[in-house]
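> sequence first, predicted model second:
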Amino acid sequence: MVRSRDDKLAYFAKLKDLIETYPSIFIVNVDNVGSNQMHQIRQALRGKGTIVMGKNTMVRRAIRLILADHPDFERFLPHVKGNVGFVFTSSDLKEVRDVIVENKVAAPAKAGAFAPNDVWVQGGNTGMEPGKTSFFQALNIPTKIARGTIEIVSDIHLIPAGGRVDASQATLLNMLNISPFTYGMKIIQIFSEGQLFPESVLDVAESELVDRFMSGVKAIAAISLALNYPTLASVTHSLVNSYKNLLAIALATDITFEGAEKAKAYLANPEAFAAAAAPVAAAAPAAEEKKEEAAKDEDESDDDMGFGLFD
């Protein structure tokens, strides 16, 4: 009993240390993940993350012990259920996610199991002797005899995703040497910096995040301007609009300031500005013509080089 108590205390201390060391935790489902596969995943995560397993009651108790110092973990507790494990990491979340989900092992179908994905049997020659035709007929799989063996006429959707595998289906898949399922860790939720979010959030591009953020900023700025209530998002627009109002007042009255002097000068004598702009506009086509003439001369010079000295 003393040893069991010591083990629990050591586990609680380890879990607390991991929580305080790593900013992010992957909550993963480990159904059908064997010890050998778990070892491979641990090796793949070496240097990037630490996998911790344990009884859910112990994990919940350990978390409750640290809630006073880490209240954000209150939202973590509801996900500690079922056959789950935890991957603690301080590395890039996308890289760790890829390591977790890429490690999969093919597995044969077992009677009574639920299919994690759709199972199809491809049409073609099975290599089986004709005596087993009745087995296919029992499963409503169309076949024909070709070159003394059973041939499946077309692709068959044998088991839908989420459906239970029956004994006949499992036997057929094993006879055809088909291992239709792959098992590995499945990410349930990600807990990072006190926030819980699904794995799909990691697939959102940074450009999309920036666009959404800017859209929100524009909406806040528009609302702030409409309500005449200054905010950080609207203050720039308010300053620009105020400057425009001052400029309009200066143009309509004798009041002036440095920024309005050029505008007033333009309104007083627009011909002067037009005359100043004309040489610049005329210079552009002339410069373009010179470039074309230079290019033409260069082409003619290159053509002359085609003749030999004694032609």
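Looks like it arrived, so ask away.

> alpha carbons only for contacts and neighbour counts from here, please
Noted.

> other SSEs contacting the helix or strand hosting residue 242?
Taking DSSP states H and E as the definition, residue 242 sits inside helix 235-252. Secondary-structure packing of helix 235-252 (3 or more C-alpha pairs under 8 Å, 6 or more residues apart in numbering; DSSP states H and E): helix 258-268.

> pull the CA atoms of the helix it packs on into PDB?
The C-alpha trace of helix 258-268 is given here as PDB (Å, rounded to 0.1, in the frame of the first residue of the first chain):
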ATOM      1  CA  GLU A 258       1.300  75.100 -43.800                       C
ATOM      2  CA  GLY A 259      -0.600  72.100 -45.100                       C
ATOM      3  CA  ALA A 260      -3.300  74.200 -46.800                       C
ATOM      4  CA  GLU A 261      -1.000  76.700 -48.500                       C
ATOM      5  CA  LYS A 262      -0.200  74.500 -51.600                       C
ATOM      6  CA  ALA A 263      -3.900  73.700 -52.100                       C
ATOM      7  CA  LYS A 264      -4.800  77.400 -51.900                       C
ATOM      8  CA  ALA A 265      -2.000  78.200 -54.300                       C
ATOM      9  CA  TYR A 266      -3.400  75.600 -56.800                       C
ATOM     10  CA  LEU A 267      -6.900  77.000 -56.600                       C
ATOM     11  CA  ALA A 268      -5.700  80.600 -57.000                       C
END
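
> can you list contacts of that helix?
Identification of contacts with helix 258-268 by C-alpha atoms under 8 Å, 6 or more residues apart in numbering yields 247, 250-251, 272-273.

> same check on stretch 163-183?
Here stretch 163-183 makes contact (C-alpha under 8 Å, 6+ apart) with 31-33, 104-117, 119, 126, 139, 158-159.

> for residue 125, which non-adjacent residue is spatially closest?
Distance criterion C-alpha to C-alpha, 6 or more residues apart in numbering; nearest residue to residue 125, sequence neighbours excluded, is residue 151 at 4.1 Å.

> part of a helix, is that neighbour?
No. Assigned with DSSP: H, G, I helix; E, B strand; the rest coil, residue 151 falls outside any helix and is strand.

> what's the distance between it and residue 133?
As for residue 151, its distance to residue 133 is 9 Å (criterion: C-alpha to C-alpha, to the nearest Å).

> now for these two: what residues contact both?
The contact lists of residue 151 and residue 133 share residue 143, where a contact means C-alpha under 8 Å, 6+ apart.

> settle it for me: which of these two has more neighbours?
Each of residue 151 and residue 133 has its neighbours counted (other C-alpha atoms under 10 Å); residue 151 has more, 21 against 18.

> can you give me the helices for the stretch 201-311 of the chain?
Remark: helices assigned in the stretch 201-311 of the chain by DSSP state H, counting those that start in this stretch are 206-227, 235-252, 258-268, 270-304.

> number of residues surrounding the closest residue to residue 87 other than its chain neighbours?
Nearest residue to residue 87 in three dimensions, chain neighbours excluded: residue 51, at 4.5 Å (C-alpha to C-alpha, 6+ apart). The local packing of residue 51 (other C-alpha under 10 Å) involves 17 other residues.

> just to be sure, residue 51 is in a helix?
No. Counting by three-state DSSP, residue 51 is not part of a helix but strand.
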